[in-house]
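*Asks:* Sequence and computational prediction follow.
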Amino acid sequence: DVRDQALFYYRLLRHDPHEAARIVNCEKVKVSSFAEAEDHEIRDQIFEEFNSLSAIYQMPSAKFTTYRPPEIKDPTETPNSPAAAANSIASPVSSNNPAVMSPPMTQIKTEMPLEVKHTTEEKKTVPPPAIDILASLADDTPAVIDNSSPQQQQQQQQVLTPKPKLAPQLYKKKWGALSKANVLTAVLKTPVPGVKQIVALFRKNHIDTVASGAKGGLMKFYFYAQSAKDSSFFLVEANLHTESGKYAATIKCENKALLSDFEGAMNGILATIS
């Protein structure tokens, strides 16, 4: 507080010395006595409760708080029992304080089933088949079939980290800071798969995407992957022409010594749809 007051005076003097003199040398209100000193008993009680609301209200807690006795529950009733639920609905709230006394409530009759019996036919009912959510999201383009062998998938797991995580803001920052490492091209079979199928195929092989879409016969993907050796990132901006199947990908990486491993993983994925 002393430091803040000194800093206030310093800034006031720098702003205008005459205005500072007018503010500091103004007529002071004389304080003859303090309220705390007039009643020693109340002052002692406030000091005993200094870290509470008593210091703010300038009165002991007994003057602004009321005691509410704890509610005594029936030990024979469990919290989830029908009787306890019915009592909690039908019983009015009781209190010794008339100010918070709630008005009497009309008792509500509750009919809660204690046991539900199922017939034999209901028990033997076969549940409906599960809905394939991915099939409902798929578009009219042909589905992608991953023809990579288990050995190739194991090699990709050794090169890339499964389920990498990279926020879009960090992707944009890394993309602007890194230089272009290489451009990868390929020609895919036509008709080419849809955007969702391609994203799912790359994601299955540990290459995720921050954004993707299609407009005017051009698909665009922003892929990223993380090396399993040193946790460095690979960033890819890929364009795919739907009519010709021409695929071009600009690659940026944090460790160019591992670029060949990542290109091998990309070529392996593209080979399944080329």
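*Replies:* Cool, got the structure.

*Asks:* any idea how far the nearest residue to G213 once chain neighbours are set aside lies from K28?
*Replies:* Among residues not flanking G213 along the chain, K220 sits closest, at 6.0 Å (C-beta to C-beta, 6 or more residues apart in numbering). Yep, even glycine has a C-beta here, placed from its N, CA and C like the rest. Distance from K220 to K28, counting by C-beta to C-beta, to the nearest Å: 73 Å.

*Asks:* Which one's more surrounded, those two?
*Replies:* K220 (14 against 6; other C-beta atoms under 10 Å).

*Asks:* was I right about that one contacting V236?
*Replies:* No - look at K220 against V236 with C-beta atoms under 8 Å: they stay out of range, at 11.1 Å.

*Asks:* roughly how far apart are A211 and K196?
*Replies:* A211 is 13 Å from K196, where distance means C-beta to C-beta.

*Asks:* for A186, helix, strand, or coil?
*Replies:* Three-state call for A186 (DSSP: H, G, I helix; E, B strand; the rest coil): strand.

*Asks:* The one 3 residues further on now?
*Replies:* When the structure is split into helix, strand and coil by three-state DSSP, K189 lands in coil.

*Asks:* Tell me where the stretch 151-274 of the chain has strands.
*Replies:* 182-187, 208-215, 218-226, 233-241, 246-253 (DSSP state E, counting those that start in this stretch).

*Asks:* got the ones you listed as CSV, with mean pLDDT columns?
*Replies:* Shown next, in CSV, are the strands of the stretch 151-274 of the chain (pLDDT from 0 to 100):
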stretch, mean pLDDT
strand 182-187, 91
strand 208-215, 91
strand 218-226, 93
strand 233-241, 94
strand 246-253, 94
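
*Asks:* between those, which gets nearest to K174?
*Replies:* Among these, the nearest to K174 by C-beta to C-beta is strand 233-241 (6.1 Å).

*Asks:* Sort out which residues of the closest one are buried, please.
*Replies:* F233, F234, L235, V236, E237, A238, L240, H241 (16 or more other C-beta atoms under 10 Å).
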